[in-house]
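[1] Pasting the sequence and the predicted model now:
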Amino acid sequence: MNKKLFASRPVAWALAATIEGVAGLCGTSAMAQAPVIVGNQLGVATVESVDHDAGMILLRDRAGNLDTVRVDPDIRAKLPVLHAGDKIGLRIVRTIDATIAAPGSPMPESTENAAGTRTGQHPHGMMVSFKRERVKVTGLDTTRNQVTFVDPDDITRVVLVRQKPMQEFLKTLKVGDEVDTTVMDAVSFSVLSRLPA
């Protein structure tokens, strides 16, 4: 399975387990409450191979599953270099937030960043992506906690809202509302098997 960090759709980086987020509308209330955590996973993987030119890293999790991860060049330049055979510890956190867009407000912009350093004796890196987009509500079913919306690619999506704060936000919506969504993915890793030179 080919995965791309900070892809145009919400991201899943499957290693020990896959974080599955909502691909679109979910959030807290229209008031400025904290985003809702929808994923928080720890894992360990082994780097099977690295294509430094293409930014492709093949990882094997403890169960033996293989995943290819692509890291964009501008992000890759800020991170420690990984080598075949490295064992890495991972923490993956995902949050989701949503607010009703004010009429005439500018479109939300996605951002991503990365940093690398040494934590103790081991190289360490962190990548954070805020994927922001505006969607338009086309249907609501608050008894089933379900919302239908059109995303920026003009694709109609139906989402079952599971978290209680998100369900409360759902009750504040009406058909025709435009909603700004933010999916934050934070991936931190530490090379466990290699000491710095």
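    Yep, it's here. What you are looking at is a predicted structure, and each value in this text was computed from that prediction instead of being measured.
[2] from here on, contacts and neighbour counts on C-alpha atoms
    OK.
[3] Just checking: what are the partner strands of the longest strand belonging to the chain?
    Looking across the chain with DSSP state E, the single longest strand is strand 122-141. Strand 122-141 has its sheet partners listed here by DSSP bridges as strand 111-119 (antiparallel), strand 146-150 (antiparallel), strand 178-191 (antiparallel).
[4] Of all the ones you listed, which one comes closest to Met127?
    strand 111-119 (4.3 Å; C-alpha to C-alpha).
[5] weakest of the strands paired with strand 122-141 in terms of mean pLDDT?
    Across those, strand 111-119 has the smallest mean pLDDT, namely a mean of 81.
[6] What residues of that one count as buried?
    For strand 111-119, the buried set under the neighbour-count rule, 16 or more other C-alpha atoms under 10 Å, comprises Glu112, Ala114, Ala115, Gly116.
[7] what bridges to the third one?
    Ala115 forms beta bridges with Met126, as assigned by DSSP bridges.
[8] what separates Ile88 from Val44, distance-wise?
    From Ile88 across to Val44, the span is 6 Å (C-alpha to C-alpha, to the nearest Å).
[9] Lys171 against Arg144, yeah?
    No - in this structure, Lys171 is not within contact of Arg144 by C-alpha atoms under 8 Å, at 11.3 Å.
[10] check contacts around the closest residue to Leu170 other than its chain neighbours.
    Nearest residue to Leu170, sequence neighbours excluded (C-alpha to C-alpha, 6 or more residues apart in numbering): Thr142, at 6.9 Å. With contacts defined as C-alpha atoms under 8 Å, 6 or more residues apart in numbering, Thr142 is in contact with Gln167, Leu170, Lys171.
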